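**Q** I would like to see how this sequence folds:
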Amino acid sequence: VIKAIRDIHATGIPISLCTAKPHFAISQIIEDAGLNNLHITDGGGVIIDPLDNKVVKKHVINSAHAKEVIDLLIDAQIYTEIYTVDDYFIQKDQISHITDQHIHILQRKPQVVDSLSSAVLHQQITKIMPIAQDEKHQQTVSQLLRPFEARLQISWGVHPVALPLQFGIVTALGISKKEGAIEISKSTNIPLENFLGIG
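**A** Residues are numbered from 1 along each chain as shown. Predicted coordinates:
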């Protein structure tokens, strides 16, 4: 697959990876395939060319909104991670088997802090990730987050090696993978009609 991607890219067709993961979790693929162009990471929260160390867009969540969401999730004992462009954080008392599973997926250990609520005030947060135990638990967490739907973008995803875990993707309002594709379209002057999405 890497060779095929590299060969396509060599013909002058840009290939942008699009993921809810942070860029450091896909950097090996980007490097191996030589994809020195823009990529959509953090569910659209960050548009970045990691090879050239160029951040084109960084959509930071309002810190007051972030703190309010994190306080709610932590009080409800929902496992939660917060993300910046280059790192992610968990609260010390939440370390569990979920932490180990996510380290395997992201290929990086998180920064461990005493309080996510305090950490959010000192970081530019691009994504908040509550992780639900299964689909039923996801419905519970979604209910908790419903009051924030007018202020934040909320969606969900899964990872095949981590089922039945459900990964919440909370970004700034209006920010999504679709918006990321629009940003890349503008940056490359390639109309969206000429994009091919492969999932």
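**Q** chain neighbours aside, what residue packs nearest to the residue most central in space within the chain?
**A** The centroid of the chain falls nearest to D42 when counting by C-alpha atoms, centre = their mean (2.2 Å). Leaving aside its chain neighbours, D42 sits nearest to K127 (4.3 Å; criterion: C-beta to C-beta, 6 or more residues apart in numbering). All C-beta spots, glycine's among them, are computed from the backbone N, C-alpha and C.
**Q** quick one, strands of this structure?
**A** Secondary structure of the chain by DSSP state E: the strands cover 39-41, 46-49, 54-58, 79-83, 88-91, 111-113, 127-132, 152-157, 166-172.
**Q** which strands and helices sit next to the last one?
**A** Packed against strand 166-172 by the contact rule (3 or more C-beta pairs under 8 Å, 6 or more residues apart in numbering; DSSP states H and E) you find strand 127-132, helix 135-145, strand 152-157.
**Q** got the ones you listed as JSON lines, with mean neighbour count and mean pLDDT columns?
**A** Conversion of the helices and strands packed on strand 166-172 to JSON lines gives the following (neighbours: other C-beta atoms under 10 Å; pLDDT from 0 to 100):
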{"stretch": "strand 127-132", "mean neighbour count": "25", "mean pLDDT": "97"}
{"stretch": "helix 135-145", "mean neighbour count": "15", "mean pLDDT": "97"}
{"stretch": "strand 152-157", "mean neighbour count": "17", "mean pLDDT": "95"}
